[in-house]
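**Student:** one predicted model, sequence on top.
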Amino acid sequence: MEKGHGRVETREIRIVAVEAEGVGFPFARQVLAIRRQVTGQKNKPDTDHARYYVTSIEEGQLSPGKQLEQQRGYWS
């Protein structure tokens, strides 16, 4: 959870190991679902979004927290 600019932002991650053939990406090892909820923004409605990612990171190579941190850092 992060607080800043008058809002509260919560992120959660779910990770599923996959077979590359099953998702149509040749090097896929995991699919990530990241949910982002933002509340308390002045004059703006609360938001709740999910984004999905396909990664070649092997299961157990990075913790869920580290993967969430990497995705956050990549887009900021």
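**Tutor:** Great, that's in hand.

**Student:** count the residues that sit near Gln67.
**Tutor:** 19 (other C-beta atoms under 10 Å). For every residue, glycine as well, the C-beta is placed using N, CA and C.

**Student:** er, Thr55 actually
**Tutor:** Under the criterion other C-beta under 10 Å, the count of neighbours that Thr55 has is 19.

**Student:** that one reaches Ile34, doesn't it?
**Tutor:** No - counting by C-beta atoms under 8 Å, Thr55 stays clear of Ile34, with 11.5 Å between them.

**Student:** okay, and the beta partners of the residue nearest the centre of the chain?
**Tutor:** The chain has Ile34 as the residue nearest its centroid, 2.8 Å off, counting by C-alpha atoms, centre = their mean. On the basis of DSSP bridges, Ile34 is bridged to Ile13, Arg51.

**Student:** these two touch, right, it and Arg51?
**Tutor:** Yes - using C-beta under 8 Å, Ile34 is in contact with Arg51, at 5.2 Å.

**Student:** low pLDDT regions in the chain?
**Tutor:** Applying pLDDT under 70 to the chain flags the ranges 1-6, 74-76.

**Student:** go through it and flag its longest helix.
**Tutor:** helix 64-75 (DSSP state H).

**Student:** on that earlier part again, so what's the residue nearest to the centre of the chain up against?
**Tutor:** Contacts for Ile34 (C-beta atoms under 8 Å, 6 or more residues apart in numbering) come out as 11-13, 50-53, 68, 71.
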